[in-house]
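Chemist: predicted structure and sequence below. I'll ask about it afterward.
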Amino acid sequence: MERITDPKYLWMGPLGYITKGSKKFILSDDGNLEIYSIKSSDSGRYTCKVSYLYNSTQLTTEIHFMVYVYHIPDKSIHLSSEFTAESCKTNKIDSYEKHLLEKMESLISNLSCEIKEWSTECHTSTDAVEKMTYKLTLQFGVFPSMLTTADLCRSPPCENSTSNLRKAYENIKEFFELQKTDSPHIDELYLIPGTLAAVKVDHCKPGFGKNTNSRKNNSMCPGCCVTCPPGRFSAKQDTVCILCPVGSYNEKYGQVECENCPEAKSSDGKGAKTKRKCHMIRKLKLVQNAVARLLTGMPSRCHITPILQQLHWLPIEYRITFKVLLKPEPSESYLLFGKPVKPFFSDNLSMDE
């Protein structure tokens, strides 16, 4: 029985050929590929080209893989509560806000958490006996410190971010429930019982979006944050990969911004995946201006704006935008996964991306 002999392996990734001298990729003699310190930009199509002898015949086979880098969503807690107040005078509200913020920051200072997105709103309210009162609504978020830094975090506080966040919430909840009556601020503002509410919010790292597709391939990590595909980007810690705006494109996975089209060029619509989607606006403008002057009989020395207005024509760059706005937006539950021969996922990246 004949066997495969003298196999030779050639790997190609999203950025080109992979050689044994690479620091990121490890190639074994039997054709295995290992990726170290994987990043979101390493997502994409990988091809293994195998050349070998079979029955004394030289053959070549290509095996294709799709690699998607993902991580489990990080969490924050958004809280809100309501207080009754004697008035909405700014100095009194500011003083009480400062008191609350300093107290809560001291409660979570050793838990690697931060308080962000602090906001208050004071407005008039009427109670059951039609007495005019004032109500102060407080809103803020508790975030793990790891969400506010772009550096890789492998320290124990980062690894325990979920338990630290839970403890931070418990400390804040206990503070609101057991406020001391001897505080000078409590004489003017009173917490309304039962108004403290908390909601967990998912966050994906920049360059990632929430995996909302329900196809079978997603069963490995349902609801995970997956690298944004070409044509999309994510610059903040939210869960949506946004389409590249008109006039820009993105050819890579896991990007935090899109590349602008070259000068005098623009894409036909949102979500351009390659530079080839950028077209010359200047040539289109020259054609539009020539046709407009031909139809109106105006000489070339006349300014084009009044001519376009007479014809009720939009300048070409605004016409592109107008057409894009008329086009229905694709669903944000976009297809993240195609049909690769073998889908590969990273399985240890919850803190590395």
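Modeler: Cool, got the structure. Residues are numbered from 1 along each chain as shown.
Chemist: now the helices for the stretch 251-353 of the chain?
Modeler: 281-296, 304-311, 316-326 (DSSP state H, counting those that start in this stretch).
Chemist: figure out which of those is closest to Cys224.
Modeler: Proximity to Cys224, assessed across the helices of the stretch 251-353 of the chain by Cβ to Cβ, is greatest for helix 316-326 (30.8 Å). For glycine as for every other residue, the C-beta is placed from the backbone atoms N, C-alpha and C.
Chemist: biggest helix in the protein by residues?
Modeler: If each helix of the chain is counted by residues according to DSSP state H, the longest one is helix 90-108.
Chemist: what is the next helix or strand after it packed up against?
Modeler: Next in sequence after helix 90-108, counting helices and strands by DSSP states H and E, comes strand 113-126. Packed against strand 113-126 by the contact rule (3 or more Cβ pairs under 8 Å, 6 or more residues apart in numbering; DSSP states H and E) you find strand 74-85, helix 90-108, strand 132-144, helix 161-177.
Chemist: got the domain ranges for the chain?
Modeler: The chain breaks down into these domains under automatic domain parsing: 5-67, 74-203, 279-326.
Chemist: redo the ones you listed as TSV? Include mean pLDDT.
Modeler: Formatted as TSV, the domains of the chain follow (pLDDT from 0 to 100):
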stretch	mean pLDDT
domain 5-67	87
domain 74-203	77
domain 279-326	81
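Chemist: can I get the ones you listed in JSON lines including mean neighbour count and distance to Lys236?
Modeler: Below are the domains of the chain laid out as JSON lines (neighbours: other Cβ atoms under 10 Å; distance: least, Cβ to Cβ, whole Å):
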{"stretch": "domain 5-67", "mean neighbour count": "14", "distance to Lys236": "15"}
{"stretch": "domain 74-203", "mean neighbour count": "15", "distance to Lys236": "9"}
{"stretch": "domain 279-326", "mean neighbour count": "13", "distance to Lys236": "23"}
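Chemist: which one of those lies nearest to Pro230?
Modeler: domain 5-67 (8.5 Å).
Chemist: off-centre distance for the closest one?
Modeler: Chain-centre distance of domain 5-67: 30 Å, with Cα atoms, centre = their mean, to the nearest Å.
Chemist: ok, the nearest residue to Glu34 once chain neighbours are set aside - contacts?
Modeler: Spatial nearest neighbour of Glu34, chain neighbours left out: Ile26 (4.2 Å); criterion: Cβ to Cβ, 6 or more residues apart in numbering. Contact partners of Ile26, counting by Cβ atoms under 8 Å, 6 or more residues apart in numbering, are Leu33, Glu34, Ile35, Tyr36.
Chemist: now Ser119
Modeler: Leu138, Gln139, Phe140.
Chemist: what's the answer for His123, then?
Modeler: Cys88, Tyr134, Lys135, Thr137 are the contacts of His123 under Cβ under 8 Å, 6+ apart.
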